[in-house]
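1. compute the structure for the input listed below.
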Amino acid sequence: MVVILLALTCGCKKNTQVDLRPNLNAANDQVLAIRPFTYIFRMLVIAVNDSALKATHHSVIDSATVSLDAKNQQYTFLFHGKLSADSVIRTGAFTAMVDSGFYHKGSSIKFTFQGFTEDFRHVSGNDSLYCTGLVSGIYSYSNLISGAAITKDSLRTIQFSASYQVTVDPHGILQGVSQTVSTFDGSSFGTSSAGYAFSSQTMKGLSLYERCPWVCDGLISFSIPAADINSGTIAFSDKPCSDKISYDFGGNIYMQRIREKDLYY
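-> Numbers count the residues shown, from 1 in each chain. This is a model prediction of the structure:
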């Protein structure tokens, strides 16, 4: 039970229980909801830059076998229940339809889930992007995620929608290595698996590198109207390629990792 006793002064001192369970549940569920959508975009970026996939229309990326229908510009990512680089077991598949080239202004991208799961949590929802152009060597996309549902367990489901501006820099650097970096900025809202409504805004963009399986850096501010402490932040580690995150609920700090046993609650 996540309950903290705070001493408040109001004429006389008394102990008042502040229940942080809604905050922890909503923070965990936002991490779980964001992960599949940032992951599939990062996988598409890797596929677009994969020379073997371009040449043979087949490749292996992370724990997925990937095929390319060059005529229709459709990428299919098929998972086999093996552990991915971010320590997540994925099954099922997702496709990415790119209508006129990933880096072409005006091109649209549509992701479709096909029995896709992360650690046996079923993921569904609408995810589409539109390339708005190139500025100073960086590509920009508008991203809309709607009606997403992530099954937390047999009884609980996370509801999630988001609107992001995504940038893709083909010349990013992480740990001295040049690689493509994608950054997500924007807002989201939904309902946690315990039924708490939340809304959030990125205060610092969520960055994903080709060669790192986790979000690197980024800060999210969120509100939970029904909670005793109705706001908080989620901070992704700014250390190179780390799965560590921290939550701040009114000065109450939780150190977490982006892994199954830490995000269960």
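
2. next one: phi and psi at the nearest residue to residue 152 once chain neighbours are set aside?
-> By the measure of Cβ to Cβ, 6 or more residues apart in numbering, the closest residue to residue 152 outside its immediate chain neighbours is residue 193, 3.9 Å from it. Every residue, glycine included, has its C-beta placed from N, CA and C. With angles defined as degrees, to the nearest 10, residue 193 sits at phi -70, psi -20.

3. count the neighbours of residue 193 for me.
-> By the criterion of other Cβ atoms under 10 Å, residue 193 has 22 neighbours.

4. I figured it was touching residue 160, is that so?
-> No - counting by Cβ atoms under 8 Å, residue 193 sits too far from residue 160 to count as a contact (10.7 Å).

5. the spatially closest residue to residue 151 that is not a sequence neighbour: what's it in contact with?
-> Leaving aside its chain neighbours, residue 151 sits nearest to residue 122 (4.3 Å; criterion: Cβ to Cβ, 6+ apart). By Cβ atoms under 8 Å, 6 or more residues apart in numbering, residue 122 lies in contact with 115, 116, 149, 150, 151.

6. where's the fourth one, which helix or strand?
-> This points to residue 150. strand 138-151 (DSSP states H and E).

7. list the helices and strands that strand packs on?
-> When contacts are defined as 3 or more Cβ pairs under 8 Å, 6 or more residues apart in numbering; DSSP states H and E, strand 138-151 packs onto helix 21-48, strand 121-135, strand 157-174, strand 177-191.

8. and if we set it to 10 Å?
-> helix 21-48, strand 108-118, strand 121-135, strand 157-174, strand 177-191 (3 or more Cβ pairs under 10 Å, 6 or more residues apart in numbering; DSSP states H and E).

9. from residue 124, how far out is the nearest residue to residue 126 once chain neighbours are set aside?
-> In space, and not counting its chain neighbours, residue 126 is closest to residue 146: 4.7 Å by Cβ to Cβ, 6+ apart. Applying Cβ to Cβ, to the nearest Å, the value for residue 146 to residue 124 is 11 Å.

10. next: residue 104.
-> Taking Cβ to Cβ, one finds residue 104 at 28 Å from residue 124.

11. also residue 102?
-> Counting by Cβ to Cβ, the gap from residue 102 to residue 124 is 24 Å.

12. these two: which has the busier surroundings?
-> Higher neighbour count among residue 102 and residue 124: residue 102, with 20 against 16, using other Cβ under 10 Å.

13. okay, and that one sits in which element?
-> Going by DSSP H and E, residue 102 is not part of any helix or strand.

14. touching, it and residue 54? I think so.
-> No - with contact defined as Cβ atoms under 10 Å, residue 102 does not count as touching residue 54 (11.7 Å).

15. so what's in contact with those two at the same time?
-> 47, 48 (Cβ atoms under 10 Å, 6 or more residues apart in numbering).

16. quick check: residue 133 touching residue 168?
-> No - here residue 133 does not reach residue 168: they are 11.6 Å apart, not a contact under Cβ under 10 Å.

17. what's the overlap in contacts for these two?
-> Contacts common to residue 133 and residue 168, judged by Cβ under 10 Å, 6+ apart, are 139, 140, 141.

18. got a ChimeraX select line for the buried ones in the residues you listed?
-> To isolate the buried subset of the shared contacts of residue 133 and residue 168 in ChimeraX, counting by 16 or more other Cβ atoms under 10 Å, use the following:
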select :139,141
